[in-house]
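1. Curious how this folds, go ahead:
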Amino acid sequence: MELTLVLSALYFSVILVVPAGGEMFSATTHMETLVTTEQELAQSLDRYLQAEEARLTRIKAIARAVSNISEAANSDVGRYLGHPVNAYRLLRRFMSEWREVEDLVVRPATSEDFVSRLTHHKPAFPSSDDLSGAATALMRLQNTYRLMPSALVDGRIPGDQKEKLSASDCYYLGTVAYEDEKYKHARDWMDETLKRLNLEDNGDLSLVNIYDYLAYSEYKLGNVKRASRLTKEIIMLEPDHSRAHGNLAHYEHMLSEESQKRGEDSAIDDVTAENKHQTFAEEHDEDYSLGEDPKYWSWEVERRRYEKLCREPLPVADWRSKHFKCFYTTGRRHPRLLLKPIAVEVAYIRPTVLLYKNILSDTEIDRLKELATPKLNRATAYNSEQGRYAPADYRISKSAWLGPAHDDTGIVQRIDDRIEAVTGLEMTTAEQLQVVNYGIGGHYEPHYDYARKGEDAFSDLDTGNRIATLLFYLSDVEAGGATVFPGAGARVLPSKGDASFWYNLMPSGDGDLHTRHAGCPVLSGLKWVCNKWIHERGQEFRKPCYQDSNTDWDIHIPELNK
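-> Take a look at the predicted model:
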């Protein structure tokens, strides 16, 4: 915009000095104006050159920064993207720095090739929804893993963090939290913005706006005294800020009323104010107990227990731990496994969760990823209100379905055959392999794999309910990403090549409420999984039905009873 105005000024100055008839040499009085015009042009040209130098300096600064980051990122793309801050900053650059470059590079003679390339790639740039989604993911990581903004800014989480969050990044995260009415996050990110401003030369951020977000967030959190102080700061910087004056009057009225009730000079003393400034990361972490009957589980209590399990394992009762053991299985002496039995670890009891060790090879894993990558689409979950599968905020990942027909190497068929051999279950009625890749803070909140009574999730398949789940881990995860069962307290960490297995239905055919499970947010690293959902049809002679709903599948795993 500045360059356009300068060029317009140059053009306008030349227009003014041309006399009527286009003749200048016949009268010195007309030439007198040339002296003034030349001075104006020289001054205008100087301003233009200064603007160009500033423009080029800024472009060079962005180019250097992007080149350094790009070189580091390309040395190990997976490790770079595995860190949530790196991934967020990549999205942010395409929404911020690259758009700034586009605005700066406006001369077609020198920038035609660059503008052409930028225009070609721009449709594939991340959208504002991508950036806000990444911001929400960072706050999800904060909630789950009890992180303060400074931990993300300074890189105090596992992983190879190549970039740091700037004051502008912190400010944006604060605005996203504010719009989502997450006022603790908004307050913490705006406070971090102020800290960053003291360390950076950033003239783009307005202190008035930062104080404005902070003040209202504090007010919503009940910290009226600090909201009042911040609002006074706004008025000092911008005396005509009408909304600030109105808010201050409201805050002062609240403080006065509270003071009268307490019989004190102020509504909130400094100690109380400090206590109210306590962040979510410092809240008391209780051992929330869900109780034995899942029907009475509260979502709020379950959520807290789920997040705690994501952070650390819970104590295991002796009656459970005594069954934890390892053994080799041939899947009822299946020919495929006689010469190469598979190691099994009992990860948990009630529900019984088995962990098959090294059941997939690196070659098989690479093939699954290769086949799935071009097919990946936003993962869905069953929406009971809509009566169909749809994207959901509680499941953030992309998935692709793979059957034997998608693979000319036979690896997908080989994996299906191995699942049948190790589980003893019929695969002809099972769903295709679903390969899943998780994004920034990718997760899947507590859910059941089977359809509960009243849900018409699998009627179109005509294969009955999902009797069992087998979940392959296609990657190690640096931090986070565990599979957890909040009700039972079970926790399985991803380990490349392993697979966890459990029955979703009791032998009676009723759903096992203890199998409600979740995929914890990925804190650092890349998470790939592949699940196989096995259905009831075809299992009639492989897994007999029992009328006693308390009968567990353990009776079909003789190794557990030795």
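2. What is the burial count for residue 256?
-> Applying other Cβ atoms under 10 Å, we find 12 residues neighbouring residue 256. Where you see a C-beta, it was placed from the backbone N, CA and C, and this is true even at glycine.
3. neighbours around residue 254, how many?
-> Close neighbours of residue 254, defined as other Cβ under 10 Å, add up to 16.
4. let me redo that: residue 57
-> Residue 57: 10 surrounding residues under other Cβ under 10 Å.
5. Secondary structure of it: a strand, I assume?
-> No. Under DSSP: H, G, I helix; E, B strand; the rest coil, residue 57 sits outside any strand and is assigned helix.
6. In contact with residue 309, which residues are there?
-> 482, 484, 486, 489, 491, 520 (Cβ atoms under 8 Å, 6 or more residues apart in numbering).
7. which among those residues gets closest to residue 443?
-> Distance ranking of those against residue 443, using Cβ to Cβ, places residue 520 first at 6.2 Å.
8. pretty sure the closest one is touching residue 479, no?
-> No. Using Cβ atoms under 8 Å, residue 520 makes no contact with residue 479, being 9.9 Å away.
9. Make sure residue 402 is actually in contact with residue 435.
-> Yes. Judged on Cβ under 8 Å, residue 402 makes contact with residue 435 at a distance of 6.1 Å.
10. Now for residue 198, how many residues are close by?
-> If you count neighbours by other Cβ under 10 Å, residue 198 ends up with 7.
11. Quick check, pLDDT for it.
-> pLDDT for residue 198: 87.
12. Spell out which residues are contacts of both of residue 402 and residue 435.
-> Common neighbours of residue 402 and residue 435 (Cβ under 8 Å, 6+ apart) are 368, 371, 372.
13. In TSV: the residues you listed, plus distance to residue 50.
-> Compiled in TSV, the shared contacts of residue 402 and residue 435 are given as follows (distance: Cβ to Cβ, whole Å):
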residue	distance to residue 50
368	57
371	56
372	53
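14. which of residue 520 and residue 479 has more neighbours?
-> Taking neighbours as other Cβ under 10 Å, residue 520 and residue 479 compare with residue 520 leading, 28 against 19.
15. Looking at residue 402 and residue 435, which is more packed in?
-> Higher neighbour count among residue 402 and residue 435: residue 435, with 24 against 21, using other Cβ under 10 Å.
16. related to what we said a few turns ago, please identify which of the contacts of residue 309 is nearest to residue 184.
-> Nearest to residue 184 among those: residue 520, at 21.1 Å, using Cβ to Cβ.
17. show me the contacts for the residue lying closest to that closest one once chain neighbours are set aside.
-> Closest residue in space to residue 520, ignoring its immediate chain neighbours: residue 310 at 3.6 Å, by Cβ to Cβ, 6 or more residues apart in numbering. Contacts here follow Cβ under 8 Å, 6+ apart; on that basis residue 310 touches 144, 145, 480, 482, 484, 520, 521.
18. any idea how far residue 310 is from residue 186?
-> Separation of residue 310 from residue 186 (Cβ to Cβ, to the nearest Å): 23 Å.
19. and what of residue 174?
-> Per Cβ to Cβ, residue 174 is found 5 Å from residue 186.
20. joint contacts of these two?
-> Here residue 174 and residue 186 have residue 213 as joint contacts, going by Cβ under 8 Å, 6+ apart.
21. quick revisit: mind checking which of the contacts of residue 309 land in helices?
-> Nothing among the contacts of residue 309 maps onto helices, per DSSP state H.
22. Please list the outside residues in contact with the helix or strand hosting residue 354.
-> Per DSSP states H and E: residue 354 is located in strand 353-356. Identification of contacts with strand 353-356 by Cβ under 8 Å, 6+ apart yields 342-347, 422, 485, 490, 492, 498-502, 557.
23. now, which of the residues you listed lie within strands?
-> Among the contacts of strand 353-356, DSSP state E puts 342-347, 485, 490, 492, 499-502 in strands.
24. Could you verify that residue 468 is part of a strand?
-> Yes. Judged by three-state DSSP, residue 468 forms part of a strand.
25. Use 6 as the first number for this chain going forward.
-> With 6 as the first residue, the last one maps to residue 473.
26. Show the contacting residues for it.
-> 428, 430, 506, 507, 508, 509, 510, 538, 539.
27. Based on its surroundings, how many neighbours for residue 253?
-> For residue 253, the count of nearby residues is 20 (other Cβ under 10 Å).
28. That one touches residue 235, doesn't it?
-> No. Residue 253 is beyond contact range of residue 235, at 9.7 Å (criterion: Cβ under 8 Å).
29. All set, thanks.
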